[in-house]
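Visitor: sequence plus the predicted model coming up.
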Amino acid sequence: MTLAATLSAALLLLLLPGPTNALVAAATATGGAVRLLGALAAVLAAYGLALTLLGLGAGTLAEVLPTAAPILKLLASAALLVSAIKLWRADPAAGAALPTRRLFLITLINPKALVLAFAILPPGLPSPALLAGTAAAIALATVAWGLAGLAIGRFGRHRVGAGTLNRATAAVLAAFAGTLMMTTAVAGL
């Protein structure tokens, strides 16, 4: 796959709805534009760390220890569920509904990193162009979802309330957690 095709595929994947994008949108919807820079830093750092760990061989753990993959998936779904509960209970009047460290953690365990590492990005050390392009794709997707959150916060909060936005985001996270739990359970049958 050419560099342009690889980066296009990465960007398309990263723009899809998911836990990280839902949290980025929620952060900017409830906390405003000031939350976008912190969210961007957290997402870039988390994807960078996840892709580095996967590239260094964390993916082979499942081959060496077959029970590791379902356990890691269940731990990831538990983290999503805990974040959903905390977001559901968050006080919308407090503004910033979720800490940046939670966004980092959820992004670190985001299944999109697995798809990037094993299905889109070529194996081995990335070229500087691929590294820069992947970082740019991550940044572009994060900013797009942050801007969507700003629009929702500006125009939607007055109609539905910040508490409803928190709960809608929490429901999305819980749905991802449930889906991950179910697919893990079905795969084990």
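Guide: Received the coordinates, thanks. Numbering: from 1, shown residues only.

Visitor: give me the element the residue most central in space within the chain is part of.
Guide: The centroid of the chain falls nearest to Thr20 when counting by Cα atoms, centre = their mean (2.5 Å). Assigned by DSSP states H and E, Thr20 falls within helix 19-31.

Visitor: and that helix, C-alpha only, in PDB?
Guide: The C-alpha trace of helix 19-31 is given here as PDB (Å, rounded to 0.1, in the frame of the first residue of the first chain):
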ATOM      1  CA  PRO A  19     -14.900   5.900  22.600                       C
ATOM      2  CA  THR A  20     -12.000   8.300  22.100                       C
ATOM      3  CA  ASN A  21     -14.000  10.500  19.700                       C
ATOM      4  CA  ALA A  22     -17.100  10.500  22.000                       C
ATOM      5  CA  LEU A  23     -14.900  11.600  24.900                       C
ATOM      6  CA  VAL A  24     -13.200  14.300  22.900                       C
ATOM      7  CA  ALA A  25     -16.600  15.700  21.700                       C
ATOM      8  CA  ALA A  26     -17.900  15.500  25.300                       C
ATOM      9  CA  ALA A  27     -14.900  17.300  26.700                       C
ATOM     10  CA  THR A  28     -15.200  20.200  24.300                       C
ATOM     11  CA  ALA A  29     -19.000  20.300  24.400                       C
ATOM     12  CA  THR A  30     -18.900  20.700  28.200                       C
ATOM     13  CA  GLY A  31     -15.600  22.400  28.700                       C
END
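
Visitor: for the helix or strand that it is followed by, what is the distance to the chain centroid?
Guide: Later in the chain than helix 19-31, the nearest helix or strand by DSSP H and E is helix 34-55. Mean-position distance between helix 34-55 and its chain equals 9 Å (Cα atoms, centre = their mean, to the nearest Å).

Visitor: same thing with stretch 21-30?
Guide: The answer for stretch 21-30 is 11 Å, by Cα atoms, centre = their mean.

Visitor: next one: the helix holding Thr20 to chain centre, how far?
Guide: With Cα atoms, centre = their mean, you get 10 Å for helix 19-31.

Visitor: ditto for stretch 3-22
Guide: So, by Cα atoms, centre = their mean, the centroid of stretch 3-22 is 11 Å from its chain's centroid.

Visitor: that older thread, now do the contacts for the residue nearest to the centre of the chain.
Guide: 43, 46, 103, 106-107, 110, 112, 142 (Cβ atoms under 8 Å, 6 or more residues apart in numbering). Backbone N, C-alpha and C define where each C-beta goes, glycine included.

Visitor: how far away is Leu121 from Ile106?
Guide: 21 Å (Cβ to Cβ, to the nearest Å).
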